[in-house]
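Peer 1: sharing a model that was predicted from the sequence below.
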Amino acid sequence: MTLTKVFVMVTIAAVLLTLLVKFVFKKDKNLVVSFAQNFAGAFFLFSGWVKAVDPLGTAYKMENYFAEFEYVFSETWISFIAPIFPFFSSFSTAFSVTMIVFEIVLGLMLILGNRPKLTAWLFMGLVAFFTVLTGFTYLTGYVPNDANFFEFGKWGAYDANNMKVTDCGCFGDFLKLEPFTSFKKDLFLLIPAFIFVFGHNKMHQLFTNNIRFGAAAATLAGITLYCFTNFYWDIPKNDFRPFKVDADVAKIKAIEEEAAGNVKVIAYDLVNKSTGEVVNLPYDQFLKKYKDYPKAEWEYSQIKSEPTIEETKISHFAVEDLEGNDVTEELLNYEGYSVMVVCYKLKGDSEGKTVVKKENIIEMDTIFDEDGVQTVVQKIVGTNDVEVREETYDWDKSYQVPFTKVVNPFMEAAEKAGLKVYAVAGAAGAAKVEDFRHATQTAYPFYEADDILLKTIVRSNPGIVLWKDGKIIQKWHHKKLPAFNEVQTQYIK
């Protein structure tokens with residue numbers, strides 16, 4: 001799916017709706033305004049729905065934005081507003097659901113013509129907000145990593161690698177858009193926004209006020225409930241992410257890595273640090289002329305050929321044990337069934353304190369036996385008081401209970417049935433993991449991985465994934481995890 005196809009589909013829907021307004025309902029006042037209502041309304045209904053199937057995905061994207069805003073504003077004269085963004089981030093899921101519901105209800109209000117003036121200004125406000133957001137995302141591509149967004153004098157040539165947020169999340173995981181494409185899309189939507197603001201008196205209105213209000217209220221309640229079923233009680237039924245059920249992760253990862261390895265450098269962009277002059281040299285010419293562009297004066301950036309297969313998050317699948325040893329291949333190449341518990345964040349509070357511990361003072365001594373053989377031995381000759389920094393953890397009971405009551409019994413049954421069982425936590429550290437294992441009486445091993453990767457695999461914390469030979473067989477939210485004998489009967493052949 002591409003943005004062009006989305007626009008074509010929405011346009012067709014808008015044309016059909018406009019014909020209904022004119023010839024069936026006979027409520028049109030201006031065909032252009034009616035078409036704009038139906039187009040913008042259908043567009044918002046579609047973009048809202050593909051996010052409603054996975055509200056956590058939008059929430060995670062909001063966390064990325066809040067983190068970037070915190071960094072950007074912390075380096076300016078208005079740095080006092082920076083601390084508000086971590087606070088917002090803690091409510092990212094609530095913001096996500098609110099925005100999704102608002103977008104869908106607003107789309108319906110446009111199509112029905114509910115309260116035209118209010119709807120017009122709400123649409124203008126939302127599109128303007130999205131335009132600023134996607135414009136900011138795109139413009140960060142001009143900001144080097146060692147500069148702040150507001151240091152305009154340090155801006156350089158556009159480089160997609162400079163962007164901390166590389167996808168606006170406008171269509172969730174259903175459709176990934178380049179930031180500039182998203183920005184152009186929002187600029188385009190400003191056209192109907194201005195049409196509504198200045199021509200709201202020409203907007204069509206279907207049915208009665210009570211019906212329009214009732215439809216909007218019912219949609220608000222229904223979509224809110226639908227959003228919660230896709231993250232709070234269960235995982236999304238429509239999975240647009242690469243780690244979906246039936247994905248052969250081991251095979252896909254190998255293919256993507258091979259394609260990435262075949263990428264070649266085809267040219268270089270050289271940027272003069274003083275003047276900003278940009279020179280593009282094909283690879284062969286660069287090898288002959290690079291000495292004419294000393295690194296003290298020029299910045300180099302490679303231009304590479306496109307891989308034959310587009311990289312997905314599967315390429316980033318990497319897991320380590322608590323000692324830092326890579327176990328990715330061991331897990332993906334395991335022959336047979338395995339169960340992975342995904343916990344991108346071990347929820348609880350920690351407190352550091354300094355404690356005094358006794359440390360033995362050891363001296364080395366040499367002794368000789370009857371045959372004159374020399375042996376070096378250690379002797380404890382005393383003790384010292386040593387200050388040690390320790391972390392104590394207070395685990396969230398609402399997070400701890402699913403492990404002790406649901407997940408661990410399931411994993412024990414799976415292990416008895418001969419399955420490989422393990423958990424992967426989001427870069428928590430060995431001390432934290434071991435404390436959590438002790439608190440939950442967990443016997444199976446824990447590994448570590450990037451928390452963003454784990455969020456992509458399953459939208460539940462904890463979530464459970466059934467594998468076979470590197471392929472995902474099924475995934476469950478911990479609140480919807482069936483008894484192991486049911487899983488064994490249905491999925492383990």
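Peer 2: Structure received.

Peer 1: how many neighbouring residues does the closest residue to residue 53 other than its chain neighbours have?
Peer 2: In this structure, residue 53 finds its nearest non-sequential neighbour in residue 238, 4.4 Å apart by C-beta to C-beta, 6 or more residues apart in numbering. Glycine gets a C-beta too; all of them are placed from N, C-alpha and C. Neighbour count for residue 238, taken as other C-beta atoms under 10 Å: 14.

Peer 1: kindly report the same for residue 2.
Peer 2: Neighbour count for residue 2, taken as other C-beta under 10 Å: 10.

Peer 1: so for stretch 478-493, mean pLDDT?
Peer 2: Mean per-residue pLDDT for stretch 478-493: 95.

Peer 1: and what of stretch 43-63?
Peer 2: Taken as a whole, stretch 43-63 carries a mean pLDDT of 95.

Peer 1: residues contacting residue 417?
Peer 2: 484, 488, 492 (C-beta atoms under 8 Å, 6 or more residues apart in numbering).

Peer 1: report the separation between the first one and residue 470.
Peer 2: Separation of residue 484 from residue 470 (C-beta to C-beta, to the nearest Å) stands at 21 Å.

Peer 1: same deal with the last one?
Peer 2: In this view, residue 492 and residue 470 are 16 Å apart by C-beta to C-beta.

Peer 1: care to break the protein down by domain?
Peer 2: 3-229, 264-304, 315-347+396-491, 352-391 (automatic domain parsing).

Peer 1: closest one to residue 243 among those?
Peer 2: Closest of the domains of the chain to residue 243 is domain 315-347+396-491, at 4.5 Å (criterion: C-beta to C-beta).

Peer 1: longest helix in the protein, please.
Peer 2: If you go by DSSP state H, the chain has its longest helix at helix 116-139.

Peer 1: show me where the stretch 1-150 of the chain has its helices.
Peer 2: Secondary structure of the stretch 1-150 of the chain (DSSP state H, counting those that start in this stretch): helices at 3-19, 31-52, 55-74, 84-89, 92-112, 116-139.

Peer 1: with mean neighbour count and distance to residue 422 added, can I get those in a markdown table?
Peer 2: Conversion of those to a markdown table gives the following (neighbours: other C-beta atoms under 10 Å; distance: least, C-beta to C-beta, whole Å):
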| stretch | mean neighbour count | distance to residue 422 |
| --- | --- | --- |
| helix 3-19 | 15 | 40 |
| helix 31-52 | 23 | 32 |
| helix 55-74 | 20 | 23 |
| helix 84-89 | 15 | 30 |
| helix 92-112 | 21 | 27 |
| helix 116-139 | 18 | 37 |
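
Peer 1: let's have the domains of the chain in a markdown table, adding distance to residue 244.
Peer 2: A markdown table is the format used below for these (distance: least, C-beta to C-beta, whole Å):
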| stretch | distance to residue 244 |
| --- | --- |
| domain 3-229 | 10 |
| domain 264-304 | 28 |
| domain 315-347+396-491 | 7 |
| domain 352-391 | 37 |
